[in-house]
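> I'd like to go over a predicted model; first the sequence, then the structure.
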Amino acid sequence: MQRDPVLELYLSDAQTWEIDRAKRAEKSAKRAWLVAGAATTIAALCAAAVAGLTPLKQPVPLIIRVD
């Protein structure tokens with residue numbers, strides 16, 4: 001059986017394309033986890049800020065005298 005150079009070139013290109021797609025998928029997954037972690041951190045900080053401001057919402061009775 002004789003090797004076809006066009007077929008060999010096609011197969012090598014297909015293999016590099018598949019490897020490139022796998023690398024891009026790994027990078028995309030890593031980026032997605034970083035974004036998810038950042039969003040979780042921001043949400044936790046927002047919840048802490050609301051919890052920290054809650055005691056400041058206590059009503060303070062004042063007596064106002066009018067003549």
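Nice, I can see it.

> okay, which residue is most central for this protein?
Among the residues of the chain, the one closest to the centroid is V35, at 1.6 Å (CA atoms, centre = their mean).

> Could you list the low-confidence segments of the chain?
With pLDDT under 70 as the threshold, the chain has low-confidence stretches at 1.

> those helices in it, which residues are they?
Assigned by DSSP state H, the helices in the chain fall at 5-53.

> what about the residue nearest to the centre of the chain, distance to A22?
21 Å (CB to CB, to the nearest Å). Heads up, the C-betas are built off the backbone N, CA and C, glycines and all.

> ok, now P55?
Per CB to CB, P55 is found 52 Å from A22.

> Compare neighbour counts for these two and give me the winner.
A22 (10 against 7; other CB atoms under 10 Å).

> and that one, what does it touch?
By CB atoms under 8 Å, 6 or more residues apart in numbering, the contact set of A22 is empty.

> cool, the one 10 residues further on as well?
Counting by CB under 8 Å, 6+ apart, A32 touches no other residue.

> what number of residues lie near A14?
10.

> Next: R31.
Residues near R31, counting by other CB under 10 Å: 10.

> do the one 5 residues further on as well
Other residues near A36 come to 10 when the count uses other CB under 10 Å.

> distance of it from L45?
According to CB to CB, A36 stands 15 Å off from L45.

> now L9
From L9 over to L45 the distance is 54 Å, taken as CB to CB.

> again with P55
Going from P55 to L45 by CB to CB gives 18 Å.

> go on, R3?
From R3 over to L45 the distance is 61 Å, taken as CB to CB.

> related to what we said a few turns ago, report the contact partners of the residue nearest to the centre of the chain.
Applying CB under 8 Å, 6+ apart, no residues qualify as near V35.

> Next: the one 5 residues further on.
T40 makes no contacts at all, as judged by CB under 8 Å, 6+ apart.

> quick one, which of R3 and L45 is more surrounded?
Shown here are R3 and L45; by other CB under 10 Å, L45 has more neighbours (10 against 6).

> what residues are up against A43?
With contact set as CB under 8 Å, 6+ apart, A43 has no partners.
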